[in-house]
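Undergrad: got a sequence here, can you build the structure:
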Amino acid sequence: MFELIPFDRSGNRMSAYDPFRMLDEMERSFFGGNTHATLTSFRTDVTDTGDAFVLDAELPGFKKEDIKIDIENDCLTISAERKMDEEDKQKNFIKRERFYGSYSRSFDVSGVNVDGIEAEYSDGVLKLTMPKKVETVPPTRRLEIK
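TA: Residues are numbered from 1 along each chain as shown. Predicted coordinates:
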């Protein structure tokens, strides 16, 4: 009996029959899941090479100039911004899955020698090589008793 009670997209009971619901469901199944999906961050892999950490961040479609890497205190922030071209605004899109906007992620780099970080960007992947801090052992000395 409960499956016969219609609900709208937010799960609320509908007051009247919605003839467009089947079309909405067909669109979701054809285009896959959420038809208004957004990208809020990017994927990364971090590996330990022994003397350094290597961070690979997927940033496909970005230009090198659109990516910023900032370090403040012990926090490294990678941000990228993709802007919509004027030409894209004039196109008559039926479906739009390529997103424009700002993307950002931050990482704790307290165990990293931040002065030695190197960055490369190739084929849509940002690679940061971050050397580990060298633990310094305080020097020992023997005191003479007087």
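Undergrad: okay, now Thr49: neighbour count?
TA: A count of nearby residues for Thr49, using other Cβ atoms under 10 Å, gives 11. Quick note: C-beta positions are derived from backbone N, CA and C, even for glycine.
Undergrad: list the contacts of stretch 110-124.
TA: Applying Cβ atoms under 8 Å, 6 or more residues apart in numbering, the external contacts of stretch 110-124 come out as 53, 58-62, 64, 67, 69, 71, 74, 76, 109, 126-134.
Undergrad: next, the distance between the ends of it.
TA: 27 Å (Cα to Cα, to the nearest Å).
Undergrad: likewise stretch 130-142?
TA: 37 Å.
Undergrad: show residues contacting it.
TA: Counting by Cβ under 8 Å, 6+ apart, residues outside stretch 130-142 touching it are 51-55, 76, 109, 111-114, 116-117.
Undergrad: repeat that for 6 Å
TA: Residues from elsewhere that reach stretch 130-142 (Cβ atoms under 6 Å, 6 or more residues apart in numbering): 51-53, 111-113, 116-117.
Undergrad: swap in stretch 62-77?
TA: 78-81, 106-107, 109-110, 114, 119, 121.
Undergrad: for PyMOL, what selects the buried ones among those?
TA: Buried residues among the contacts of stretch 62-77 (16 or more other Cβ atoms under 10 Å), as a PyMOL selection:
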select buried, resi 78+80+107+109+121
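Undergrad: heading C-terminal from the helix or strand bottoming out on mean pLDDT in the chain, find the next helix or strand.
TA: Ranked by mean pLDDT, DSSP states H and E, the helix or strand of the chain with the weakest confidence is helix 86-89, at a mean of 56. Sequence-wise, the next helix or strand downstream of helix 86-89 (DSSP states H and E) is strand 101-108.
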